[in-house]
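Engineer: What follows is a protein structure lacking sequence information:
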């Protein structure tokens, strides 16, 4: 019998997929918010589809504030958008 793979939910669109399909956003023990494409950084995580639309939906819904139980300024979302673009450029993907 094949082992069941756990699903994660996007904080932007709410779609459920295997965690490899998402970017992981992490609040590190130092209270820094980073984008963790490896999925292995230490800290509390939330999952986001690697799409600009999902990041914008998460911003509108204040999803990071809910996920990490704290207030997050819009600059955090802008910084995540920049990190997402840099990672996509490095991978050579256009979306």
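Structural biologist: Nice, thanks for sending it over. Keep in mind it's a predicted model, so treat the numbers as computed, not measured.

Engineer: where along this protein do the helices fall?
Structural biologist: 52-60, 63-68, 74-91 (DSSP state H).

Engineer: Mind telling me which of these the model trusts least?
Structural biologist: Among the helices of the chain, helix 74-91 has the lowest mean pLDDT, at a mean of 80.

Engineer: That helix - contacts with which helices or strands?
Structural biologist: strand 23-27, strand 33-36, helix 52-60 (3 or more CB pairs under 8 Å, 6 or more residues apart in numbering; DSSP states H and E). Every residue, glycine included, has its C-beta placed from N, CA and C.

Engineer: related to what we said a few turns ago, between the helices of the chain, which gets nearest to residue 8?
Structural biologist: Evaluated over the helices of the chain, closeness to residue 8 peaks at helix 63-68, with 11.7 Å, by CB to CB.

Engineer: ok so, going back, so which of the helices and strands packed on helix 74-91 gets nearest residue 9?
Structural biologist: Taking CB to CB as the criterion, helix 52-60 is the member of those that comes nearest to residue 9, at 11.2 Å.

Engineer: who touches that closest one?
Structural biologist: Counting by CB atoms under 8 Å, 6 or more residues apart in numbering, the neighbours of helix 52-60 from elsewhere in the structure are 10-13, 48, 63-64, 74, 77, 80-81, 84, 95.

Engineer: if you set the cut-off to 10 Å instead, what comes out?
Structural biologist: The set of residues that contact helix 52-60 without belonging to it, under CB atoms under 10 Å, 6 or more residues apart in numbering, is 10-15, 22-23, 25, 35, 46-49, 51, 63-67, 72, 74, 76-78, 80-81, 84-85, 88, 95.

Engineer: buried sites along it?
Structural biologist: Neighbour-count burial for helix 52-60, counted by 16 or more other CB atoms under 10 Å, picks out 54-55, 57-59.

Engineer: Would you reformat these as JSON lines and include distance to residue 31?
Structural biologist: Supplementary listing: those in JSON lines, determined by distance: CB to CB, whole Å:
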{"residue": "54", "distance to residue 31": "24"}
{"residue": "55", "distance to residue 31": "21"}
{"residue": "57", "distance to residue 31": "24"}
{"residue": "58", "distance to residue 31": "19"}
{"residue": "59", "distance to residue 31": "20"}
